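Undergrad: got a predicted structure plus its sequence, pasted below:
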Amino acid sequence: MDTRIQFRINDEIKRLAQQMAEQQRKALAHDAWLTEQVDLAFKKFNSGEASFIDHDSAKARMAERKAKIRSRS
């Protein structure tokens, strides 16, 4: 037989517990999305549809893009 224990908590504790549960659900959803994106990136790489670039090249490309965006304003 299962035993069930109940506690009475005030509204603030209940609100905090619900807030924490919501944050954990969001974190789990984010982890699933991130895993999907990484899997997709490797699938594209393995099929030859994409290529990875080194860190310095990525930084240089980002600097160029930022400069281009800033020059528009």
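TA: Perfect, thanks for sending it. Numbers count the residues shown, from 1 in each chain.

Undergrad: from now on I want contacts and neighbour counts done on CA atoms only, so please keep to that.
TA: Noted.

Undergrad: which stretches of the protein have low pLDDT?
TA: 1 (pLDDT under 70).

Undergrad: which SSE is immediately downstream of the biggest helix by length in the chain?
TA: Scanning the chain for the helix with the most residues, using DSSP state H, yields helix 11-47. Next helix or strand after helix 11-47 toward the C-terminus (DSSP states H and E): helix 55-72.

Undergrad: which other helices and strands contact that following helix?
TA: Judged by 3 or more Cα pairs under 8 Å, 6 or more residues apart in numbering; DSSP states H and E, helix 55-72 is in contact with no other helix or strand.

Undergrad: using PDB, write down the CA coordinates of that helix.
TA: Taking Å, rounded to 0.1, in the frame of the first residue of the first chain, the C-alpha atoms of helix 55-72 are listed here in PDB:
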ATOM      1  CA  HIS A  55      37.900  29.900 -34.400                       C
ATOM      2  CA  ASP A  56      40.100  32.700 -35.800                       C
ATOM      3  CA  SER A  57      38.300  32.600 -39.200                       C
ATOM      4  CA  ALA A  58      34.900  32.700 -37.500                       C
ATOM      5  CA  LYS A  59      36.000  35.700 -35.400                       C
ATOM      6  CA  ALA A  60      37.200  37.500 -38.500                       C
ATOM      7  CA  ARG A  61      33.900  36.900 -40.300                       C
ATOM      8  CA  MET A  62      31.900  38.100 -37.400                       C
ATOM      9  CA  ALA A  63      34.000  41.300 -37.100                       C
ATOM     10  CA  GLU A  64      33.400  42.000 -40.800                       C
ATOM     11  CA  ARG A  65      29.600  41.400 -40.400                       C
ATOM     12  CA  LYS A  66      29.400  43.600 -37.300                       C
ATOM     13  CA  ALA A  67      31.300  46.400 -39.100                       C
ATOM     14  CA  LYS A  68      29.000  46.200 -42.100                       C
ATOM     15  CA  ILE A  69      25.900  46.400 -39.800                       C
ATOM     16  CA  ARG A  70      27.300  49.300 -37.900                       C
ATOM     17  CA  SER A  71      28.100  51.200 -41.100                       C
ATOM     18  CA  ARG A  72      24.400  51.100 -42.100                       C
END
